[in-house]
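Chemist: Sequence unavailable; structure follows:
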């Protein structure tokens, strides 16, 4: 995985990735921390019948089409709301199902739901990743998708520079001062990396 990330990201960033065990505060009120890859893995290990049925309904002919279909569905169903207004907490990472049921969340809830539904719809953890990093609007959580059809990375982001175009019609992901400034961490349900 490390080789895949470093090889495929060489045109995006000169910095290499190294493996870390990333713990994040997922509930600021109780200072609850969780290892981020395990947070995703737990949701994928025992998904509800509702989540499985939903993910199956979002599958398309190709994985490129599926990830965009998931993005469209989630952003249509879940609207942005700060954790303070939604949960009464400075920071709270809801599960994908909790986000979908509440119909409101911030970047970690919306993009976490996109990740979980994409994985349940059959997209490999080698192709879809969660990213934490700096943007022109501050620190952010979004998804990164690697298309094996084009051999390039694309942002899949339901809250910041959302793009509903087909993968083949999108601009390749790049770091720049106007949008995404830096990827600090990349993780999936198997492993976490720091750049």
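Modeler: Nice, I can see it. This is a predicted model, so every value here is computed, not measured.
Chemist: right, and residue 126 touches residue 5 too?
Modeler: No: between residue 126 and residue 5 there is no contact under Cβ atoms under 8 Å: 9.5 Å. Where C-beta positions appear, they are placed from N, C-alpha and C, glycine not excepted.
Chemist: Now do the SS call for the residue nearest to the spatial centre of the chain.
Modeler: Compute the mean C-alpha point of the chain, and by Cα atoms, centre = their mean the closest residue is residue 143, 3.1 Å away. In three-state terms, and counting by DSSP: H, G, I helix; E, B strand; the rest coil, residue 143 is strand.
Chemist: What of residue 86?
Modeler: Applying three-state DSSP to residue 86 yields a three-state assignment of helix.
Chemist: didn't it look like it was pressed against residue 103?
Modeler: No: at 9.9 Å, residue 86 and residue 103 do not qualify as touching, with contact defined as Cβ under 8 Å.
Chemist: Would you mind telling me which of these two has the busier surroundings?
Modeler: residue 86 (19 against 11; other Cβ atoms under 10 Å).
Chemist: Pull the contacting residues for the more buried one.
Modeler: Neighbour list for residue 86: 92, 102, 104-106 [criterion: Cβ atoms under 8 Å, 6 or more residues apart in numbering].
Chemist: tell me which of those residues is nearest to residue 63?
Modeler: The shortest gap between residue 63 and any of those belongs to residue 105, at 24.6 Å (Cβ to Cβ).
Chemist: Kindly provide the distance from the closest one to residue 118.
Modeler: Here residue 105 is placed at a distance of 17 Å from residue 118 (Cβ to Cβ, to the nearest Å).
Chemist: what do you get for residue 17?
Modeler: The gap separating residue 17 from residue 118 is 21 Å, by Cβ to Cβ.
Chemist: Fine, thanks again, bye for now.
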